[in-house]
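K.L.:
Sequence and predicted structure are below.
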Amino acid sequence: MPQPIEVLLAAGAEALQEARWADAQAAFSGALDVAETGDALLGLADATWWLGDLPASVACRERAFKLFSDAGDAFQAAYAALALTFDYGKQYGNPSAAAGWLAQAARLVEAHGLEPLRGWLVFGTAFNADDPVEAEALAREAHALGLRNGDRDLELCALSQVGVSLVEQGRVAEGVRCLDESMAVALGAAGRPDTVVFTSCMMMTSCTRCAEFTRAVQWVRATTAFSEKYGCPFLYAECRILYGEVLLATGDWRQAEAELTVGLEMTRGTVPALHRLAVAGLAQLWLAQGRMEQADRLVSGLGEHAETAAVLARIHLQCGRAGAAASILRRRLATVGEHRLESGALLELLGDAELADGRIAEAGELGRQLADLGAAAGCELLRARGERLAGRASAAAGDPAGARRHFDTALVAFARLEMRHEAARTHYLLAESLREEEPDVAVAEARAALAAFEELGAGSDADLAASLLRHLGVKAGRTGPRSETVLTKREAQVLTLLGEGLSNPEIAARLHLSRKTVEHHVAHVLAKLGLRGRAEAAAEAVRRLGAGSAAK
């Protein structure tokens, strides 16, 4: 005999409270089998969100909004609209849809005097604001409302938004203090689990932008106990991709490739902006590994967008097309401005393009501008990029002593930031600048660069460092990366089944694994083999099968 809907709703609510997501999903699904209600849909939305089925979660919230609206329940309709604002903003990277749902929530709050939701409405407006100064002011207002009303979750989410807004303004030290505070209090069981997810995602976003990679890694470690109870706090595709970028910057390239590939698959065909972000991150990794052709194929056809501008420019530079790179970079800088954190990598790349065209003075000026911006903003990454560019300009102008001063400053900063590849590149540039005047120092710097490049698997850079050492009279052969990218036995099985055209659920059933485990195996296979999707994986499986048959 079917259970009454009230019993199922209560069971679902209890399961959510205890982080039994699958049980909650079953209970709310059962309730919906009895009758479609807004409460059951919102409960199912929460359960499927934690289980990683983000599209299903959004669909449930949209259906719940319609039911509440039709029933004249303005409060619950406004609540659902606010939730959808953040879904579309963080999950889908769709600011237009986010703004639309925010406008609907505002209309309901104003028309019905829904004062308990006003703080969340102000917070949603801050979250959607394009101007970081405006966003900061609104977030502070929401934070004050949270304090006044005793709404700890609003208080913490708004504080994290204050932090993000400050970082975007270049006020990094102030911003990360707010982010640290919101994370610490949220993880200390003062906030709801979804508040931890939001603050974690905001922390990851900001730490990636301002190169606070060590801080990001420390907070990831701090979420271990939370993850064991509730699941990974980096639920949104954006956070997953940005986590991959943190791993890329700090030198864990194998795991970075896996995370970025999962992000690529999560957003394929659904979230264009985030998909481009994942593509750009993966292409940056492949360029660093010397996999130019694969990186070029990956970004081909995407067009020039905010997420892809830097990697497209880098590909043009590596192919000797400095003018094309400069055009892309100037267009992007005209849009974002030269005094935002995002402009750091763009300005350094523009300086590289100027140097490639022989415009040494212009490159040197860009380096000084970038270093000054970093010093004023308290952003070590901007300063490091500026000092390195100034060092390259000094070296090109025949001033090895000046180049050394700049490179030394940049090297200390990159090492402190734990950006291993950038530090190794700076070692190499320092060695290049001293090859004639101080060959002994050049040998030591080139050796340090080669060791780091080999450890990371930066093949092309390692070739350059080995060549420089040979020019300096030192025997230096390549040893290759220490960890070869071979498939495990299970990954090979997954590749074979991909070749048979099986879906993830079908592979899970065939190998008696969970769907989540299969998802990770597929991501690792794609990452290790440098494949762009399941179609290429299937083709690779067929090719390997054919090669094996031919060998017999």
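P.N.:
Thanks, I have it.
K.L.:
Go ahead and name everything in contact with stretch 78-89.
P.N.:
Stretch 78-89 has contacts (CB atoms under 8 Å, 6 or more residues apart in numbering) with 38, 42, 45, 54, 57-58, 61-62, 64-65, 68, 94-95, 97-99, 101-102, 104-105, 108-109, 112, 114, 117, 120-121, 124, 127-128, 198. All C-beta atoms are positioned from the backbone trio N, CA, C, and that covers glycine.
K.L.:
Return the set of buried residues in it.
P.N.:
Within stretch 78-89, the residues scored as buried using 16 or more other CB atoms under 10 Å are 78-89.
K.L.:
go on, stretch 456-474?
P.N.:
Within stretch 456-474, the residues scored as buried using 16+ other CB under 10 Å are 456-459, 461-462, 464-466, 468-469, 472.
K.L.:
Phe198 versus the residue most central in space within the chain, what's the distance?
P.N.:
Nearest to the geometric centre of the chain sits Leu242, at 1.2 Å (CA atoms, centre = their mean). The gap separating Leu242 from Phe198 is 14 Å, by CB to CB, to the nearest Å.
K.L.:
Check Arg544 too.
P.N.:
Applying CB to CB, the value for Arg544 to Phe198 is 43 Å.
K.L.:
related to what we said a few turns ago, pull the CA atoms of the one helix or strand the residue nearest to the centre of the chain maps to into PDB?
P.N.:
Here Leu242, judged by DSSP states H and E, is contained in helix 237-250. The C-alpha trace of helix 237-250 is given here as PDB (Å, rounded to 0.1, in the frame of the first residue of the first chain):
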ATOM      1  CA  ALA A 237      30.800  23.000 -12.600                       C
ATOM      2  CA  GLU A 238      32.600  26.400 -12.400                       C
ATOM      3  CA  CYS A 239      34.200  25.400  -9.000                       C
ATOM      4  CA  ARG A 240      35.300  22.000 -10.400                       C
ATOM      5  CA  ILE A 241      37.000  23.700 -13.400                       C
ATOM      6  CA  LEU A 242      38.600  26.400 -11.200                       C
ATOM      7  CA  TYR A 243      39.900  23.700  -8.900                       C
ATOM      8  CA  GLY A 244      41.500  22.100 -11.900                       C
ATOM      9  CA  GLU A 245      43.200  25.500 -12.700                       C
ATOM     10  CA  VAL A 246      44.500  25.600  -9.100                       C
ATOM     11  CA  LEU A 247      46.000  22.200  -9.600                       C
ATOM     12  CA  LEU A 248      47.500  23.300 -12.900                       C
ATOM     13  CA  ALA A 249      49.100  26.400 -11.400                       C
ATOM     14  CA  THR A 250      50.500  24.500  -8.400                       C
END
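K.L.:
after that helix, next one along is what?
P.N.:
Next along the chain after helix 237-250, taking DSSP H and E as the criterion, comes helix 253-267.
K.L.:
So which helix or strand of the protein has the lowest pLDDT on average?
P.N.:
The helix or strand of the chain with the lowest confidence, counting by mean pLDDT, DSSP states H and E, is helix 534-551 at a mean of 65.
K.L.:
show me where the stretch 351-500 of the chain has helices.
P.N.:
Taking DSSP state H, counting those that start in this stretch, the helices of the stretch 351-500 of the chain run over residues 360-377, 380-396, 400-416, 420-433, 439-456, 459-471, 489-499.
K.L.:
Ranked by average pLDDT, which of the ones you listed falls at the bottom?
P.N.:
The weakest mean pLDDT among these belongs to helix 489-499, with a mean of 84.
K.L.:
Now do the buried residues in that helix.
P.N.:
491, 493-499.
K.L.:
Can you list the low-confidence ranges for the stretch 201-350 of the chain?
P.N.:
Residue ranges of the stretch 201-350 of the chain with pLDDT under 70: 234-235, 338-341.
K.L.:
Show the residue spans covered by the helices in it.
P.N.:
Taking DSSP H, counting those that start in this stretch, the helices of the stretch 201-350 of the chain run over residues 213-222, 224-230, 237-250, 253-267, 272-288, 292-299, 309-318, 322-336, 343-356.
K.L.:
tell me what the fourth one is packed against?
P.N.:
To tie it back to what came earlier, the one meant is helix 253-267. Helix 253-267 sits against helix 237-250, helix 272-288, helix 515-529, with contacts defined as 3 or more CB pairs under 8 Å, 6 or more residues apart in numbering; DSSP states H and E.
K.L.:
any chance of those in a markdown table, plus distance to Ala27?
P.N.:
Formatted as a markdown table, those follow (distance: least, CB to CB, whole Å):
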| stretch | distance to Ala27 |
| --- | --- |
| helix 237-250 | 27 |
| helix 272-288 | 31 |
| helix 515-529 | 20 |
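K.L.:
Point out the one among these that comes closest to Val262.
P.N.:
Closest approach to Val262 among the helices and strands packed on helix 253-267 is made by helix 515-529 (4.2 Å; CB to CB).
K.L.:
now the buried residues of stretch 456-474 as JSON lines including distance to Asp153?
P.N.:
Listed next are the buried residues of stretch 456-474 as JSON lines, based on distance: CB to CB, whole Å:
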{"residue": "Leu456", "distance to Asp153": "41"}
{"residue": "Gly457", "distance to Asp153": "42"}
{"residue": "Ala458", "distance to Asp153": "43"}
{"residue": "Gly459", "distance to Asp153": "48"}
{"residue": "Asp461", "distance to Asp153": "46"}
{"residue": "Ala462", "distance to Asp153": "49"}
{"residue": "Leu464", "distance to Asp153": "51"}
{"residue": "Ala465", "distance to Asp153": "51"}
{"residue": "Ala466", "distance to Asp153": "55"}
{"residue": "Leu468", "distance to Asp153": "55"}
{"residue": "Leu469", "distance to Asp153": "57"}
{"residue": "Leu472", "distance to Asp153": "60"}
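K.L.:
Just the closest of these to Ala22, please.
P.N.:
Nearest to Ala22 out of the buried residues of stretch 456-474 is Gly457 (CB to CB; 38.4 Å).
K.L.:
Do I have it right that the closest one meets Trp253?
P.N.:
Yes - between Gly457 and Trp253 there is a contact under CB atoms under 8 Å: 6.0 Å.
K.L.:
hey, what's in contact with both of these two?
P.N.:
Residues touching both Gly457 and Trp253 comprise Gln289, with contact defined as CB under 8 Å, 6+ apart.
K.L.:
Give me the distance from stretch 503-512 to the chain's centre.
P.N.:
Relative to its parent chain, stretch 503-512 has a centroid offset of 29 Å by CA atoms, centre = their mean, to the nearest Å.
K.L.:
Please apply the same query to stretch 504-522.
P.N.:
Computed by CA atoms, centre = their mean, the chain-centroid distance of stretch 504-522 equals 25 Å.
K.L.:
and if you look at stretch 11-25?
P.N.:
29 Å.
K.L.:
Would you mark the buried spots in it?
P.N.:
For stretch 11-25, a neighbour-count test (16+ other CB under 10 Å) marks 11-13, 15-16, 20-21, 23-25 as buried.
K.L.:
Keep only those of those residues that are in strands.
P.N.:
Assignment to strands by DSSP state E places none of these there.
K.L.:
how many other residues sit next to the residue lying closest to Glu36 once chain neighbours are set aside?
P.N.:
Spatially, and ignoring its direct neighbours in sequence, Glu36 is nearest to Leu67 (6.9 Å; CB to CB, 6 or more residues apart in numbering). With neighbours defined by other CB atoms under 10 Å, the count for Leu67 comes to 19.
K.L.:
Confirm for me that Leu67 is in contact with Gly38.
P.N.:
Yes - the pair Leu67 / Gly38 is scored as a contact, 4.2 Å apart, by CB under 8 Å.
K.L.:
which residues does Ser57 contact?
P.N.:
For Ser57, the contact set (CB under 8 Å, 6+ apart) comprises 45-46, 48-49, 87.
K.L.:
Same check on Glu387?
P.N.:
By CB under 8 Å, 6+ apart, the contact list for Glu387 reads 367, 371, 406-407, 409-410, 413.
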